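[1] Based on what follows, work out the 3D shape:
(one chain, ligands or ions: 2)
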Amino acid sequence: MENCIFCKIANGEIPSATLYEDGEFRVILDLGPASKGHALILPKKHAADIYELPEETAGKAMILAKHMAKKLTDALHCDGFNIVQNNGEVAGQTVFHFHMHLIPRYKGDQVGLTWKPGTLSDEDRDDILARMGR
Ligand code: 5GP
Ligand code: ZN
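    Ligands and ions are numbered 1, 2, ... in the order given. A predicted model of the protein is given here:
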């Protein structure tokens with residue numbers, strides 16, 4: 001993909017602080033970190049989002065996320081870990097090349113990934129189950 005910044009970073013055209021690399025992925029430090037160690041898993045082959053991502057790449061990305069979470073936790077002694085993946089502008093996606101956020105969490109940090117819980121109404125539950133063919 002021309003003019004995709006993450007294609008250029010993933011494929012080494014633009015230098016990045018790389019924590020891991022193999023034939024299919026590069027893991028880099030985020031330039032605007034939510035916390036110390038915030039990293040991004042980038043597939044080298046362009047897919048805009050989870051809808052475009054091939055199943056096999058999705059599976060491998062999750063396995064890589066697991067390994068990176070362990071490595072980062074051991075290295076940084078964080079107290080917890082978030083894995084975040086945004087799809088679409090409304091969901092907070094700003095770079096339209098699939099990526100997974102690896103966000104180490106520390107006691108007392110100010111990382112805001114929470115939402116105000118609503119209440120599941122009977123109407124919504126039944127509507128959703130029906131739409132999902134359940
Ligand atoms: P999104 O909002 O699309 O889920 O996440 C995009 C992330 O990419 C943001 O956390 C942002 O800080 C990071 N980012 C944007 N441009 C660059 C860049 O050129 N280099 C690196 N390392 N991170 C970037
Ligand atoms: Zn791309």
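[2] Now for Pro43: which residues touch it?
    Pro43 is in contact with 10, 24-25, 53, 57, 61, 98, counting by Cβ atoms under 8 Å, 6 or more residues apart in numbering. Where C-beta positions appear, they are placed from N, C-alpha and C, glycine not excepted.
[3] Can you verify my assumption that Ala34 contacts Tyr106?
    No - when contacts are counted by Cβ atoms under 8 Å, Ala34 is not listed as touching Tyr106 (10.8 Å).
[4] So between those two, which is more surrounded?
    Between Ala34 and Tyr106, Ala34 has the larger neighbour count (other Cβ atoms under 10 Å), namely 18 against 15.
[5] which residues touch that one?
    Ala34 touches 101, 103, 111, 113, counting by Cβ under 8 Å, 6+ apart.
[6] what about whichever residue of the chain sits closest to ligand 1, neighbour count?
    The nearest approach of the chain to ligand 1 comes at Gly32, 3.1 Å away (Cβ to the nearest ligand atom). Per other Cβ under 10 Å, the neighbour tally for Gly32 reads 6.
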